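In: A predicted structure for the sequence below; I have some questions about it.
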Amino acid sequence: RHEMVAAGGDAADKIAALEKMHSMKVRALQKSLKTLQDQVQYFKSSSKEHRRSALIQQLRNAVKEQEEVVDVLKQRLVDKGEAAMAVNELIIKKTCAGPKRFR
C-alpha cells in the first residue's frame, strides 16, 4: 500500500508539473499574441498615416498645377493687352462672387 501511495504521489507530482508547464506555455503564448496584436495595430495606424500623407501630397500637387494654369492664363490676358491690375481685380471679383461653396 505504501508503494501505491508513493506511486500515486509521484503521478500527482507529474500532473502538477505538467499543469505548471502548461500554464507557463499558455501565459507565454498569450503574451506573444498580445505583442503581435499590438504590432498589427501599430502597422495599421502607420499605414493609415502613410495614406493620409500621400493624399495630402497629391492635393498639394493638384493645387500647384492649378496655380500654374492660373498664372499662365493671367499672363496670356496681360499679353493680349489687359492691364495686370485689371486681371487681378477680375480674378478676385470672380472668385469672391457666387455661392460660398465655390469660393
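Out: Cool, the structure landed.
In: only C-alpha atoms for contact and neighbour calcs from this point on.
Out: OK.
In: In this protein, mark out all the helices, start to finish.
Out: Using DSSP state H, the helices of the chain run over 2-79, 84-96.
In: mean pLDDT lowest for which of these?
Out: Mean pLDDT is lowest for helix 84-96 among these, at a mean of 85.
In: in that one, what's buried?
Out: In terms of neighbour count (16 or more other Cα atoms under 10 Å), helix 84-96 has its buried residues at Val87.
In: Quick one: list the elements packing against that helix.
Out: In terms of contacts (3 or more Cα pairs under 8 Å, 6 or more residues apart in numbering; DSSP states H and E), helix 84-96 is packed against helix 2-79.
In: Could you count how many residues lie near Lys34?
Out: By other Cα atoms under 10 Å, the residues close to Lys34 number 12.
In: ditto for Gln66
Out: 12.
In: Val40 and Ser46, how far apart?
Out: Distance of Val40 to Ser46, given as Cα to Cα, to the nearest Å: 10 Å.
In: ignore the last one, Ala54
Out: 12 Å.
In: Can you report phi and psi for Ala83?
Out: Phi and psi for Ala83, reported as degrees, to the nearest 10, are phi -80, psi 140.
In: and it, how many neighbours does it have?
Out: With other Cα under 10 Å as criterion, Ala83 counts 13.
In: mind listing what it touches?
Out: Residues in contact with Ala83 (Cα atoms under 8 Å, 6 or more residues apart in numbering): none are found.
In: Report the separation between it and Gln66.
Out: 22 Å.
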